[in-house]
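Asks: what's the 3D shape of this:
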Amino acid sequence: MPSAETSGSRLPHRPLASYIDHTLLSPVATEAEIVQLCQEALEHRFRAVCVNGCNLETARGVLQGSAVSLAAVVGFPLGAMATEAKLCEAEACLLGGAEELDMVLNLGWMKAGNLKAIATELRMVRDAAPDTTLKLILETCFLDEAQKTTACRLALEAGWDFVKTSTGFGKGGATLADVRLMKRLADNRMQVKASGGIRDLEAALDFIEAGADRLGTSSGLALMEAFKKRFP
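Replies: Just a heads-up that it's a prediction; the model follows:
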């Protein structure tokens, strides 16, 4: 996690809200909570809302016609299901109105060096969703630097749009070092989403400064409140 050091008075290059994927992925999230999440996203003009597939219909009903994108997770949070299951879930999410998909990397394959299977899976999902923003969740807390590097390379080669640090359900979340590494590896051809444990403004500004193009967080309201106090 970032240090408690403040990013000073430096403002992000664009409005803070435009970095935020307002997220609720709890398995016990209710319909009312999803509606509230989406209403908050509309009020603050967040970049996207990110939900589980079963909540897409509810979210779409609130967000339809707005500038807030609708994202859903695939293979979440373990990434260990069969490729066919991920494809089925991805297609169901697209039918449900998802405009962006955040999919978890198969970590066992990465740890074992089964790169051909990973490359095939990434390409199959890309082919199934050619016009959809795709984000690959690396779950960086389980990978060493070489594995993170390889995962970013495979995502780039498969034409994915983002690499993302974490699910928020692993043993650790985003780190500045990982975001900097991923930003360098993305080579201006992919974007980077920092996610997992981003709960205060100092952390958010630090991640943006490190190169994050998106912030996945359930603390969007707290970030906006703190931002408005600091930069009235």
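
Asks: Show me which parts of stretch 224-231 are buried, residue by residue.
Replies: 224, 226-227 (16 or more other Cβ atoms under 10 Å). Bear in mind the C-beta positions are built from the backbone N, C-alpha and C, glycine included.

Asks: Low-confidence ranges, this structure, go.
Replies: Applying pLDDT under 70 to the chain flags the ranges 1-10.

Asks: The same query, at a cut-off of 80, please.
Replies: 1-11 (pLDDT under 80).

Asks: got the residue ranges for the strands in it?
Replies: Assigned by DSSP state E, the strands in the chain fall at 20-24, 48-51, 69-74, 100-104, 133-137, 162-164, 191-195, 214-217.

Asks: Columns mean neighbour count and distance to Ala85 on top of these, output as a markdown table?
Replies: Below are the strands of the chain laid out as a markdown table (neighbours: other Cβ atoms under 10 Å; distance: least, Cβ to Cβ, whole Å):
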| stretch | mean neighbour count | distance to Ala85 |
| --- | --- | --- |
| strand 20-24 | 25 | 22 |
| strand 48-51 | 29 | 19 |
| strand 69-74 | 24 | 9 |
| strand 100-104 | 26 | 11 |
| strand 133-137 | 24 | 16 |
| strand 162-164 | 26 | 20 |
| strand 191-195 | 26 | 22 |
| strand 214-217 | 28 | 23 |
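
Asks: Now render the ones you listed as CSV, adding distance to Gly113.
Replies: Below are these laid out as CSV (distance: least, Cβ to Cβ, whole Å):
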stretch, distance to Gly113
strand 20-24, 31
strand 48-51, 30
strand 69-74, 23
strand 100-104, 18
strand 133-137, 17
strand 162-164, 19
strand 191-195, 24
strand 214-217, 28
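
Asks: Arg180: which of the ones you listed is closest?
Replies: The closest of those to Arg180 is strand 191-195. By Cβ to Cβ, the value is 9.2 Å.

Asks: who's the residue lying closest to Cys93 once chain neighbours are set aside bridged to?
Replies: Residue nearest to Cys93 in three dimensions, not counting chain neighbours: Ala72, with 4.1 Å by Cβ to Cβ, 6 or more residues apart in numbering. For Ala72, the beta-bridge partners are Val51, Leu101 (DSSP bridges).

Asks: is it true that Ala72 touches Met103?
Replies: No. Applying Cβ atoms under 8 Å, one finds Ala72 not in contact with Met103, separated by 9.6 Å.

Asks: Between the two, which contacts overlap?
Replies: Shared contacts of Ala72 and Met103, defined by Cβ atoms under 8 Å, 6 or more residues apart in numbering, are absent.

Asks: Quick check, Glu40 in contact with Gly220.
Replies: Yes. Contact criterion Cβ under 8 Å: Glu40 and Gly220 qualify, at 7.0 Å.

Asks: contacting residues around stretch 30-46?
Replies: Among residues not part of stretch 30-46, those counted as contacts by Cβ under 8 Å, 6+ apart are 15, 17-18, 20-22, 24, 48-49, 51, 55, 58-59, 62-63, 66-68, 220-221, 224.

Asks: And for stretch 151-159?
Replies: Contacts of stretch 151-159 with the rest of the structure, by Cβ under 8 Å, 6+ apart, involve 105, 110, 115, 118-119, 122-123, 126, 136, 138, 143, 163, 182, 185-187, 189-190.

Asks: Kindly report the same for stretch 137-146.
Replies: Contacts of stretch 137-146 (Cβ under 8 Å, 6+ apart): 73, 76, 79, 102-105, 107, 110-111, 148, 151-152, 163-167, 170-175, 178, 181-182, 195.

Asks: now with 7 Å?
Replies: By Cβ atoms under 7 Å, 6 or more residues apart in numbering, the surrounding residues in contact with stretch 137-146 are 102-105, 107, 110, 148, 151, 163-167, 170-172, 178, 181.

Asks: No more questions from me, cheers.
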